[in-house]
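Undergrad: show me how the following folds:
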Amino acid sequence: MTLQAVDGGHEIGLLFGTVETGVGRVSGYTDMPVLSSLFLLATLLPSISVTVRRLHDRDKSGWWYWLFLVPIVGPIVLLVWFILEGTRGANSYGPDPLDPSGSGDSGEGLTSSSIPSVGR
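TA: Sure, this is the predicted structure:
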């Protein structure tokens, strides 16, 4: 990361882009659109997948993911849901992955001995 003065403001160069700040203004641009695009494509689907799996842990539909589009309130509600403990036991999206008894075998060939027990 580099820091240098630019027109009375500061310019911070990161791996994929630059953010300029000044009195009353903030602007960003990228010097490497190809790397930024590849990074976005490589991380977008896994991040959506992790979000939907976490919503399923809370027994919520994956469509709640779109709540992040509601300004201010949406991301806060999602953050609270992500922090709270998931439902105990099986829910409508499958067995509890943290169930130490292993009674919630999903039929994927996993047994209680192949999944480490995680305390709550």
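
Undergrad: what's the longest helix in this structure?
TA: helix 33-57 (DSSP state H).

Undergrad: SS state for V80?
TA: Here V80 is recorded as helix under DSSP: H, G, I helix; E, B strand; the rest coil.

Undergrad: go on, D59?
TA: coil.

Undergrad: one step back: packing partners for the longest helix of the chain?
TA: Packing partners of helix 33-57 (3 or more Cβ pairs under 8 Å, 6 or more residues apart in numbering; DSSP states H and E): helix 73-83. The way it works is simple: take the backbone N, C-alpha and C, and place the C-beta from them, glycine included.

Undergrad: can you give me the buried ones in the helix it packs on?
TA: L78, W81 (16 or more other Cβ atoms under 10 Å).

Undergrad: for that helix, C-alpha coordinates in CSV please.
TA: Output of helix 73-83 as CSV, limited to C-alpha atoms (Å, rounded to 0.1, in the frame of the first residue of the first chain):
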residue,chain,number,x,y,z
VAL,A,73,-31.4,-1.6,7.5
GLY,A,74,-30.9,-4.6,5.2
PRO,A,75,-27.2,-5.1,5.9
ILE,A,76,-27.7,-4.6,9.6
VAL,A,77,-30.5,-7.2,9.7
LEU,A,78,-28.3,-9.7,7.8
LEU,A,79,-25.3,-9.0,10.0
VAL,A,80,-27.5,-9.8,13.1
TRP,A,81,-28.7,-13.0,11.6
PHE,A,82,-25.2,-14.0,10.7
ILE,A,83,-24.0,-13.4,14.3
